[in-house]
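Engineer: missing the sequence, but the structure's below:
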């Protein structure tokens with residue numbers, strides 16, 4: 001069993017990196033990268049849209065779809081260490097209780113591809 005902490009680094013058995021650009025008019029493009037700083041794959045066009053105020057979706061012309069939630073963190077006034085406090089500390093807090101969270105809409109969390 002792995003114990004999670006604020007310093008936990010998630011690693012996946014396989015990783016594919018795409019540099020994705022969201023543009024005006026809901027146009028998007030993505031390029032497959034061989035490393036985090038070396039993108040040499042073909043440019044793939046697509047579109048993007050938001051999913052309510054929680055996430056965004058990119059749909060590429062090759063059929064791939066990327067979905068990722070906007071980043072948010074529990075406010076320090078609620079918990080300085082959510083992992084140590086445990087789930088019972090957060091009973092009664094709902095997704096719509098925006099006063100309890102700090103949103104960072106210019107960042108995203110780990111997403112997935114379909």
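Structural biologist: Thanks, I have it. The structure displayed is predicted, hence computed values, not measured ones.
Engineer: now tell me what touches stretch 45-55 from outside.
Structural biologist: Here stretch 45-55 makes contact (Cβ atoms under 8 Å, 6 or more residues apart in numbering) with 22, 26-30, 56-61, 67-70, 95, 108, 111. All C-beta spots, glycine's among them, are computed from the backbone N, C-alpha and C.
Engineer: try it again with 6 Å
Structural biologist: With Cβ atoms under 6 Å, 6 or more residues apart in numbering as the test, stretch 45-55 has contacts from 22, 26, 28-29, 56-61, 69.
Engineer: centre of the chain versus that stretch, how much separation?
Structural biologist: Averaging C-alpha positions (Cα atoms, centre = their mean, to the nearest Å) puts stretch 45-55 12 Å from its chain's average.
Engineer: any buried residues in that stretch, and which?
Structural biologist: Neighbour-count burial for stretch 45-55 flags 46, 48 (criterion: 16 or more other Cβ atoms under 10 Å).
Engineer: tell me the mean pLDDT over it?
Structural biologist: The average of the pLDDT scores along stretch 45-55 is 90.
Engineer: repeat that for stretch 21-29.
Structural biologist: On average, stretch 21-29 scores 95.
Engineer: got the end-to-end distance for that stretch?
Structural biologist: 5 Å (Cα to Cα, to the nearest Å).
Engineer: show residues contacting it.
Structural biologist: Under Cβ under 6 Å, 6+ apart, the answer for stretch 21-29 is 43, 45-48, 58.
Engineer: out of the residues you listed, the closest to residue 35 would be?
Structural biologist: residue 43 (17.3 Å; Cβ to Cβ).
Engineer: which helix or which strand is home to that closest one?
Structural biologist: strand 38-51 (DSSP states H and E).
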